[in-house]
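1. need a structure here:
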Amino acid sequence: MGRTRKVSSKDVARLAGVSQATVSYVLNNTQGVKISDHTRQAVLAAAKKLNYIPNQCARGMRLKKAMSVAVVSDKDVSNTRFMSVLEGIKDVLADRNYSLTFCFSRWQDDHEAEHVQYFRANRIDGAIFVWAAVSESHLAYLIENEIPFVVIHSSPGFDRPNLVRSHLDSAILAAVADLKSKGADTVAFLGRARRGVRSRKYAGYLNALSHLGVTTPPESPLSTLADDSEAQIESALNEYVRKNSGLPQAVLCETVSMGFRLLRYAARNGIRVPQDLSVVAIGSSRFAPLSVPALSTIEGPLYEMGAAGCKMLFDIIEGHAPTTPVVLEWSYVPRESS
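-> Here you go, the predicted structure:
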């Protein structure tokens, strides 16, 4: 039995009714060449129908590029937030026929880092750091050695032009304003007693209360949890009820998991949501619309951060350095729990 002949760009050109050069221009996203939308769609449709896969090695040699971008992170690949960002990166790479290379962040000397070695070996054209532990000295090393890079981080400790970050305060303000409009005069914060992302969420919560004139609840264990376990949360809620003769009218939860556990606590104790207690959680979850009642959330622009970061990296590779960071807004998604 003979081997199946590999589909070529010539086959795509024949099916689309265009020249082979036009196929190359479309699939390589060549800049400065005018191609009508009708022609572009015809080429893409033909390539999809024939399941045409460009030869990335040959294309990279021709363009003197690696045709691959490194994603550097110390997050577990099962992390849903990380995967949402990765989806945005992947889709932009696919539009340019680029591949993705994983490089997990490790404490190494600047010149020994995996992504640096890959760049020098022409295995990647640049790097995107996604919630990675990257030092100022390493960023300075990348700049000095002209290695294209972008940093995606919700709350970075630096402010550079090649940065994609998110802004949370406006969405928290919208959530607290919604709770207030529905009669909640007191909004508590359910969260862990630690610094980091929590401090940004807690600061946004305090700013919203101050801006809207909503009452800050009395000091309680709700905002000083040791962890987000069900036992810890139940103990804190029981202590709050004991000290204040009942729960607050509304609770803003630091994480979605805390929001789900608060709904469980309410169900077990005969507390009606949202009639007796309104619940909003900060974070994204595909299960939020499926809980009973459906959990209201403040969701980050995760996919959009990935796509924006990848587009920025291509701009840098092509010699168009950004002048300001990209800042994307979180959004408040009200559901049945509020």
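2. buried set for stretch 73-92?
-> 73, 75, 81, 82, 83, 84, 85, 86, 88, 89, 90, 92 (16 or more other Cβ atoms under 10 Å). Yep, even glycine has a C-beta here, placed from its N, CA and C like the rest.
3. does the residue nearest to the fourth one when sequence neighbours are not counted belong to a helix, a strand or coil?
-> Nearest non-adjacent residue to residue 82, counting by Cβ to Cβ, 6 or more residues apart in numbering: residue 75, 4.2 Å away. The three-state assignment at residue 75 reads coil, by DSSP: H, G, I helix; E, B strand; the rest coil.
4. now residue 20. Nearest residue, chain neighbours left out?
-> Going by Cβ to Cβ, 6+ apart, residue 20 has residue 13 as its nearest residue, at 4.4 Å.
5. could you give the number of residues near the one you found?
-> Residue 13 has 19 neighbours, counted by other Cβ atoms under 10 Å.
6. that one contacts residue 23, doesn't it?
-> Yes: counting by Cβ atoms under 8 Å, residue 13 touches residue 23, with 4.7 Å between them.
7. what's near enough to touch residue 86?
-> 71, 130, 306 (Cβ atoms under 8 Å, 6 or more residues apart in numbering).
8. any idea how far it lies from residue 261?
-> 27 Å (Cβ to Cβ, to the nearest Å).
9. and if you look at residue 316?
-> Counting by Cβ to Cβ, the gap from residue 316 to residue 261 is 43 Å.
10. what stretches of the stretch 101-250 of the chain score poorly on pLDDT?
-> By pLDDT under 70, the low-scoring segments of the stretch 101-250 of the chain are 105-110, 155-158, 194-198, 218-221.
11. show me the helices in it, by range?
-> Secondary structure of the stretch 101-250 of the chain, counting by DSSP state H, counting those that start in this stretch: helices at 114-120, 136-144, 169-181, 197-212, 230-244.
12. for the helix or strand encompassing residue 94, the averaged confidence score.
-> If you go by DSSP states H and E, residue 94 is part of helix 80-95. Computed over helix 80-95, the mean pLDDT rounds to 92.
13. so what's the gap between it and the chain middle?
-> Helix 80-95 sits 8 Å away from the centroid of its parent chain (Cα atoms, centre = their mean, to the nearest Å).
14. same question, stretch 204-220
-> Its chain's C-alpha centre and that of stretch 204-220 lie 28 Å apart, by Cα atoms, centre = their mean.
15. same thing with stretch 29-44?
-> Worked out by Cα atoms, centre = their mean, stretch 29-44 lies 30 Å from the chain centre.
16. please point out which parts of it sit buried.
-> Buried-residue list, stretch 29-44, by 16+ other Cβ under 10 Å: 39, 40, 42, 43.
17. filter these down to the ones in strands?
-> In strands, defined here by DSSP state E, there are no members of these.
18. and those, which is closest to residue 296?
-> Closest approach to residue 296 among the buried residues of stretch 29-44 (Cβ to Cβ): residue 40, at 41.4 Å.
19. reformat the buried residues of stretch 73-92 as a markdown table; add distance to residue 153.
-> As requested, the buried residues of stretch 73-92 are exported to a markdown table (distance: Cβ to Cβ, whole Å):
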| residue | distance to residue 153 |
| --- | --- |
| 73 | 10 |
| 75 | 11 |
| 81 | 12 |
| 82 | 12 |
| 83 | 16 |
| 84 | 14 |
| 85 | 10 |
| 86 | 15 |
| 88 | 14 |
| 89 | 14 |
| 90 | 19 |
| 92 | 18 |
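20. select, from those residues, the two members most distant in space.
-> Top of the distance list for those (Cβ to Cβ): 75 and 92, 19.2 Å.
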